[in-house]
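Asks: coords below, sequence missing:
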């Protein structure tokens, strides 16, 4: 204990060296030695019965970028969970849940149900809402936390185990939160869908314009050629603008949920419940960035096609207005193509992050059970593209098995290269945050975490967390009579629901004389962080990283504060 106290005094007492302090502590950013273009590629391998396979090695995989074979520089396999194929029959009461005997009580699985109320129809919402309620009530594990989110941002509840709150949020869901192009068509002349509008306004498609021309004649009567063309162009532009607005809105909602999930210390699943929506070429980089962010945050996105087993009604249903009998057949072709296209986003999100896309089936309850499950085994291959041009171009990915046959692979389709070099400061920040919001322990750099607390008069608790770092493995850069290195320490706490409470980062700048370095080699250095919190159970998380060799340590500690 005497060594520890002397050590902390050394770290804090920078005034011992008034000319050039040997140890200073402040908030700052550190940098990588060089930029990295590492591309992660999650892969789920299933046998012909749909079971995830977890026995493969790096040598079993072949990875291609735009058809060119790549060297797999990193390979990991994660045993993430146990897949299920149907909801559990036993349903605990809303206020009770079973805690495993070996559990510390801290939640380790987070599932966010994201209802796309911008695009869901009434029937689609009703059946999927009921299925979600059954799925939530069937989960017996008190370490699970569930959240309800919507693409409109309404009627949401953050992660909780309170099933009454979850029920209330789901019961409050409603459709029509967005102004869809289908509703807009009722007062549009000519009636143009988002898909048709894109063909006309962005693609100058002659067939689509000809159909719109016939529809315009039917709803507006005989007009001059220029006036008719202006009417068509304006209708197509309005349909595209509105459709793009709702697509961006939905993608933003997904990005927000992924960002929230990144702070959860355990398994992270998003269940997207939607009929799908069109993502045009202008939004594809945004979609790819979303997948990339989910991969790096270890968030699995699954998707449930809320349309179930559906068939298109030529000309729309009985309530559809502005239906021109002469263009019904041609428009039905566009509608069929659009329905397929709006499924692409759900397919790409799920395949790109290791999730399941459930479609073409009316068993919503069984579908949600599959979508909400994490694949039991997830491989993450990573490579650094050679001679990568930072031009924002799209790169198609392909993964194949070199030896195994008869397996089904689920892989992300591709990625966009960066348009500019990545900011080294952002890289270091991202690396530390990824480790901080994980439950994994990292021991590249020897470091330990110790906690103490004492009660305050107002009933709160002052919690201290001390990271003690063994610097023997650090490489110091010699400059004049000083030995230089920086050590970044990020310490924070999570509550019993796994929500991030608070935390901050300290950078310890070391400019040590030879004698001081020799002493600290024996004792190590310590960095203390102090938090004032309410009584309760918390997880304290520590991440340490040095600048010289970019070594890292990560550790968690559960504390019960009376």
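Replies: That came in fine, so what should we check first? All values reported here derive from a predicted model rather than from experimental measurement.
Asks: how distant is stretch 333-347 from the center of its chain?
Replies: On the basis of Cα atoms, centre = their mean, to the nearest Å, the separation between the geometric centre of stretch 333-347 and that of its chain is 24 Å.
Asks: pull the residues that contact that stretch.
Replies: With Cβ atoms under 8 Å, 6 or more residues apart in numbering as the test, stretch 333-347 has contacts from 193-196, 199, 208, 211, 272, 274-279, 287, 303, 305, 307, 310, 312, 357, 359. Just so you know, the C-beta spots here come from the backbone N, C-alpha and C atoms, and that holds for glycine as well.
Asks: what residues of it count as buried?
Replies: Within stretch 333-347, the residues that count as buried by 16 or more other Cβ atoms under 10 Å are 334-335, 338-339, 341-343, 345-346.
Asks: between those, which is nearest residue 367?
Replies: Proximity of the buried residues of stretch 333-347 to residue 367, judged by Cβ to Cβ, is greatest for residue 346, which lies at 12.0 Å.
Asks: if we can go back for a sec, which one of the buried residues of stretch 333-347 is nearest residue 39?
Replies: Residue 39 has its nearest neighbour among the buried residues of stretch 333-347 in residue 345, at 20.9 Å by Cβ to Cβ.
Asks: pull out the buried positions in the lengthiest helix in the chain.
Replies: Counting residues, the longest helix found in the chain (DSSP state H) is helix 225-261. Residues 228, 231-232, 235-236, 238-240, 242-244, 246-247, 249-251, 253-255, 257-258, 260-261 are the ones in helix 225-261 that count as buried (16+ other Cβ under 10 Å).
Asks: same thing with stretch 395-411?
Replies: 395, 397-399, 401, 409-411.
Asks: how about stretch 410-418?
Replies: 410-416.
Asks: from the residues you listed, pick the one nearest residue 556.
Replies: Nearest to residue 556 out of these is residue 412 (Cβ to Cβ; 29.6 Å).
Asks: touching, residue 132 and residue 170? I think so.
Replies: Yes. Proximity of residue 132 to residue 170 meets the contact threshold set by Cβ atoms under 8 Å, at 5.9 Å.
Asks: identify the contacts common to the two.
Replies: residue 113.
Asks: picking that back up, of the contacts of stretch 333-347, buried ones?
Replies: With neighbours counted by 16+ other Cβ under 10 Å, the contacts of stretch 333-347 contain buried members at 193-196, 199, 208, 211, 272, 274-279, 287, 303, 305, 307, 357, 359.
Asks: so residue 77: helix, strand or coil?
Replies: The three-state assignment at residue 77 reads strand, by DSSP: H, G, I helix; E, B strand; the rest coil.
Asks: can you check residue 63 too?
Replies: Classification of residue 63 using three-state DSSP returns strand.
Asks: same question for residue 132.
Replies: Reducing the assignment to helix, strand or coil with three-state DSSP, the entry for residue 132 is helix.
Asks: that older thread, between residue 132 and residue 170, who's got more neighbours?
Replies: residue 132 (25 against 20; other Cβ atoms under 10 Å).
Asks: which residues touch the more buried one?
Replies: If you count contacts by Cβ under 8 Å, 6+ apart, residue 132 has them with 113, 170, 271, 273, 368.
Asks: name the element the second one belongs to?
Replies: Using DSSP states H and E, residue 170 falls within helix 163-171.
Asks: mean confidence (pLDDT) on that helix, please.
Replies: Mean pLDDT, taken over the full extent of helix 163-171, equals 92.
Asks: gap between that helix and the chain center?
Replies: Distance of helix 163-171 from the chain centroid (Cα atoms, centre = their mean) equals 24 Å.
Asks: stretch 151-160 too?
Replies: Worked out by Cα atoms, centre = their mean, stretch 151-160 lies 16 Å from the chain centre.
Asks: what is the rounded mean pLDDT of it?
Replies: The predicted model gives stretch 151-160 an average pLDDT of 91.
Asks: what sits up against the helix holding residue 170?
Replies: When contacts are defined by Cβ under 8 Å, 6+ apart, helix 163-171 is touched by residues 94-95, 113, 129, 132-133, 136-137, 146, 148, 155-157, 160.
Asks: buried ones in that helix?
Replies: Residues of helix 163-171 classed as buried under the neighbour-count rule (16+ other Cβ under 10 Å) are 163, 166-167, 169-170.
Asks: and of those residues, the nearest to residue 485?
Replies: residue 166 (48.5 Å).
Asks: quick revisit: for the next helix or strand after the longest helix of the chain, packing partners?
Replies: Using DSSP H and E, the helix or strand that directly follows helix 225-261 along the chain is strand 267-274. Taking 3 or more Cβ pairs under 8 Å, 6 or more residues apart in numbering; DSSP states H and E as the contact definition, the neighbouring helices and strands of strand 267-274 are strand 109-115, helix 122-137, helix 225-261, strand 299-305, helix 344-353, helix 364-372.
Asks: partner strands of strand 267-274, with direction?
Replies: According to DSSP bridges, strand 267-274 forms sheet pairs with strand 109-115 (parallel), strand 299-305 (parallel).
Asks: quick one on the thing from earlier: distance to residue 56 and pLDDT added to the buried residues of stretch 333-347, as a markdown table?
Replies: Rendered in a markdown table, the data for these read as follows (distance: Cβ to Cβ, whole Å; pLDDT from 0 to 100):
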| residue | distance to residue 56 | pLDDT |
| --- | --- | --- |
| 334 | 43 | 83 |
| 335 | 42 | 84 |
| 338 | 38 | 87 |
| 339 | 36 | 88 |
| 341 | 34 | 90 |
| 342 | 34 | 91 |
| 343 | 29 | 92 |
| 345 | 29 | 94 |
| 346 | 27 | 94 |
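Asks: now, which of those residues sits nearest residue 455?
Replies: Comparing the buried residues of stretch 333-347 against residue 455 with Cβ to Cβ picks out residue 346 as the nearest, at 50.8 Å.
Asks: for the chain, which helix or strand comes out least confident on mean pLDDT?
Replies: Among the helical and strand segments of the chain, the one scoring lowest on mean pLDDT, DSSP states H and E is helix 2-12, with a mean of 39.
Asks: give the buried residues for the helix or strand that comes right after that helix.
Replies: Using DSSP H and E, the helix or strand that follows helix 2-12 towards the C-terminus is strand 23-26. If you call a residue buried by 16+ other Cβ under 10 Å, then strand 23-26 has these buried ones: 23-25.
Asks: quick one: strand 23-26 to chain centroid distance?
Replies: In terms of Cα atoms, centre = their mean, the centre of strand 23-26 is found 34 Å from the chain centre.
Asks: who are the packing partners of that strand?
Replies: Other elements packing on strand 23-26 under the criterion 3+ Cβ pairs under 8 Å, 6+ apart are helix 2-12, strand 500-512.
Asks: and the last one, what's its mean pLDDT?
Replies: I take that to be strand 500-512. Regarding strand 500-512, the rounded mean pLDDT is 86.
Asks: quickly find the element holding residue 218.
Replies: When the helices and strands are read off by DSSP H and E, the one containing residue 218 is helix 206-220.
Asks: and the angle for that helix with helix 225-261?
Replies: Using axes from the mean of the first three to the mean of the last three Cα atoms, to 10 degrees, the inter-axis angle of helix 206-220 relative to helix 225-261 is 110 degrees.
Asks: helix 206-220 - what's its average pLDDT?
Replies: Regarding helix 206-220, the rounded mean pLDDT is 87.
Asks: kind regards, and thank you for your time.
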